[in-house]
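S.K.: Let me see the structure of the following:
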Amino acid sequence: MAQKIKKHRKKITQRRVTPVRKRKRRIQRLHEMKSHHILLTLIAVLFIASWVFGGYQDILETIPNKQVRQMSRQVQVAHASTAGPSVLTAITAGASWNNATVARFNTNDASYADCTGCGTTGWTKLTAFGFSIPSTATINSITVLTNGLANSNTAANRDFRVALSKDGTNTVGTTQIDQRFAKTDGNVTTAGILWDTTWNPAEVNATTFGVFYADDDSTSFALQFDYVTITIDYSTAADATWVVGSADFKIYQDTTLTFGAG
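M.R.: This is a model prediction of the structure:
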């Protein structure tokens, strides 16, 4: 009788314990699933962030027991860049110019080249600025900085004109007039424009690309030029290309995806 009572108590105890264990297991599985989902979500967020902001990414698609193919996704984000400021390495002096040399125009040292009565067509031509902008770039603007002075109390007598050239001989686009020096040494910036013409990298990289200077009138007051620089703003266009190992690309069942930086 004692043994029967003992066995009966054991069965009752087991009946009480088993539901508790099951509940604990269910709770444990729920926690595991929740942690798994959080981990997967975090991985997805990190991947998307690296894909958007990382520049270049590779997606490696592995297909078990079927075939393995690699697909490279290249993303080039459009961005702006600046070349310069650059200085000239060649010059052709115009009529009525004094000391118009490379050294006078490419050094900020208060040693001036001067134009005294050189007129509106007495161009001094500054070329060969040494740019090497990528061939696929888009030219957004060309900025010319001119440093100098003109010691005249009449503002109009301190005006000069500036133009750009592609071939080193002729001006292109619009000549910018009424560029005015102060009576003391300072900068005059002709900025953020394309000079009413079109440009490509080969043109600005050429040794014939440059900037021309002349007086804005025919008065005899001296315009004194200390140094000149050119800065070019450009951008590379956004590009997205797919390189696929096979033209017949398919997603199979039981596909395993792995991701990595390219």
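
S.K.: Counting by contacts, list what the helix or strand in which residue 211 is found packs against.
M.R.: Applying DSSP states H and E as the criterion places residue 211 in strand 210-215. Packed against strand 210-215, as judged by 3 or more CB pairs under 8 Å, 6 or more residues apart in numbering; DSSP states H and E, are the following elements: strand 113-116, strand 124-127, strand 159-165, strand 222-236. Using the backbone N, CA and C atoms, a C-beta is placed for each residue, glycine as well.

S.K.: Show me the shaky parts of the stretch 151-262 of the chain.
M.R.: For the stretch 151-262 of the chain, residues meeting the criterion pLDDT under 70 lie at 238-262.

S.K.: Let me know the average pLDDT across stretch 105-121.
M.R.: Computed over stretch 105-121, the mean pLDDT rounds to 89.

S.K.: Now that stretch: buried residues?
M.R.: Buried residues in stretch 105-121, counted by 16 or more other CB atoms under 10 Å: 105, 106, 112, 113, 114, 115, 118, 119.

S.K.: Tell me who's in contact with the first one.
M.R.: It refers to residue 105. The contact partners of residue 105, by CB atoms under 8 Å, 6 or more residues apart in numbering, come to 87, 88, 91, 113, 126, 225, 227, 228.

S.K.: before we move on, what about the last one?
M.R.: Residue 119 sits next to 95, 96, 214, 215, 218 when contact means CB under 8 Å, 6+ apart.

S.K.: Of those, which is the most crowded?
M.R.: Neighbour counts for the contacts of residue 119 (other CB atoms under 10 Å) peak at residue 215, which has 27 neighbours.

S.K.: Does that residue touch residue 223 like I think?
M.R.: Yes: using CB atoms under 8 Å, residue 215 makes contact with residue 223 at a distance of 6.2 Å.

S.K.: joint contacts of the two?
M.R.: Residues within reach of residue 215 and of residue 223 at once, by CB under 8 Å, 6+ apart, are 115, 118, 160.

S.K.: Format those residues as CSV; extra columns: distance to residue 193.
M.R.: Output for the shared contacts of residue 215 and residue 223, formatted as CSV (distance: CB to CB, whole Å):
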residue, distance to residue 193
115, 23
118, 24
160, 17
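
S.K.: Which single one of these is nearest to residue 169?
M.R.: Of all the shared contacts of residue 215 and residue 223, residue 169 sits closest to residue 118, with 17.7 Å by CB to CB.

S.K.: Validate this expectation: the closest one resides in a helix.
M.R.: No: under DSSP: H, G, I helix; E, B strand; the rest coil, residue 118 falls outside any helix and is assigned coil.

S.K.: For residue 163, grab the count of nearby residues.
M.R.: If you count neighbours by other CB under 10 Å, residue 163 ends up with 22.

S.K.: where are the low-confidence patches of the stretch 1-150 of the chain?
M.R.: Low-confidence segments of the stretch 1-150 of the chain, defined by pLDDT under 70: 1-24, 27, 30-37, 39-40, 42-43, 45-78.

S.K.: now the strands for it?
M.R.: For the stretch 1-150 of the chain, the strands defined by DSSP state E, counting those that start in this stretch occupy 56-63, 67-76, 79-86, 90-92, 97-98, 113-116, 124-127, 137-149.

S.K.: on that earlier part again, among the contacts of residue 105, list the two that are farthest apart in space.
M.R.: Spanning the widest gap among the contacts of residue 105 are 87 and 113, at 13.5 Å by CB to CB.

S.K.: In a helix, residue 156, correct?
M.R.: Yes: judged by three-state DSSP, residue 156 forms part of a helix.

S.K.: could the helices and strands packed on strand 210-215 go into JSON lines alongside distance to residue 171?
M.R.: JSON lines is the format used below for the helices and strands packed on strand 210-215 (distance: least, CB to CB, whole Å):
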{"stretch": "strand 113-116", "distance to residue 171": "16"}
{"stretch": "strand 124-127", "distance to residue 171": "10"}
{"stretch": "strand 159-165", "distance to residue 171": "4"}
{"stretch": "strand 222-236", "distance to residue 171": "15"}
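
S.K.: got the contact list for the nearest residue to residue 183 once chain neighbours are set aside?
M.R.: Among residues not flanking residue 183 along the chain, residue 151 sits closest, at 5.8 Å (CB to CB, 6 or more residues apart in numbering). Listed by CB under 8 Å, 6+ apart, the contact partners of residue 151 are 183, 221, 222, 224.
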